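[1] Have a look at this fold, sequence not included:
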């Protein structure tokens, strides 16, 4: 399977480091503390609507916006989210 081959080629540790680095870059832009997860939860009034208007996929959990990063995401995605959230 191509997806499993890619995971094997890149390596789980490298993927985690990449995903976590992007999540922490977003946390920094939003003034949040660093974390140990590639999932970022943000309380932002109207945030989900602003993200959707910017064609950014996110979900809502317990009244907050939830974003998660993976191998296909880049620093430009972090910038787009920060812009969409007005930060």
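    Here it is on my side, so go on. This structure is a prediction, so every number in the text was calculated from the model and none was measured. Numbering: from 1, shown residues only.
[2] report the longest helix in the protein, please.
    With DSSP state H setting the assignment, residue counts place helix 12-30 as the longest helix in the chain.
[3] got the buried residues for that helix?
    Buried positions in helix 12-30, judged by neighbour count with 16 or more other CB atoms under 10 Å: 18-20, 22-27, 30. Where you see a C-beta, it was placed from the backbone N, CA and C, and this is true even at glycine.
[4] now the residues you listed as TSV including distance to residue 9 and pLDDT?
    Shown next, in TSV, are the buried residues of helix 12-30 (distance: CB to CB, whole Å; pLDDT from 0 to 100):
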residue	distance to residue 9	pLDDT
18	13	96
19	16	97
20	19	98
22	20	98
23	22	98
24	24	98
25	24	98
26	26	97
27	28	97
30	32	95
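[5] Can you list the buried residues in stretch 42-53?
    42, 44, 47-48, 50-51.
[6] does residue 41 count as helix, strand or coil?
    strand (DSSP: H, G, I helix; E, B strand; the rest coil).
[7] Let me see the contact set for it.
    By CB atoms under 8 Å, 6 or more residues apart in numbering, residue 41 lies in contact with 61, 64-67.
[8] again, only using 7 Å
    With contacts taken as CB atoms under 7 Å, 6 or more residues apart in numbering, residue 41 has the following neighbours: 61, 64, 66.
[9] Lowest pLDDT pick from those?
    The lowest pLDDT within the contacts of residue 41 belongs to residue 61, with 87.
[10] Who does that one form a beta bridge with?
    Per DSSP bridges, residues listed as beta-bridge partners of residue 61: residue 64.
[11] Neighbours of it, how many?
    10 (other CB atoms under 10 Å).
[12] Can you pull the poorly scored residue ranges out of this structure?
    Under the criterion pLDDT under 70, no range of the chain is flagged.
[13] what comes into contact with stretch 69-78?
    Counting contacts by CB under 7 Å, 6+ apart, the residues touching stretch 69-78 from outside are 10, 15, 18-19, 22-23, 25-26, 29, 38.
[14] List just the nearest of those to residue 79.
    Using CB to CB, residue 29 is the member of the contacts of stretch 69-78 that sits closest to residue 79, with 8.0 Å.
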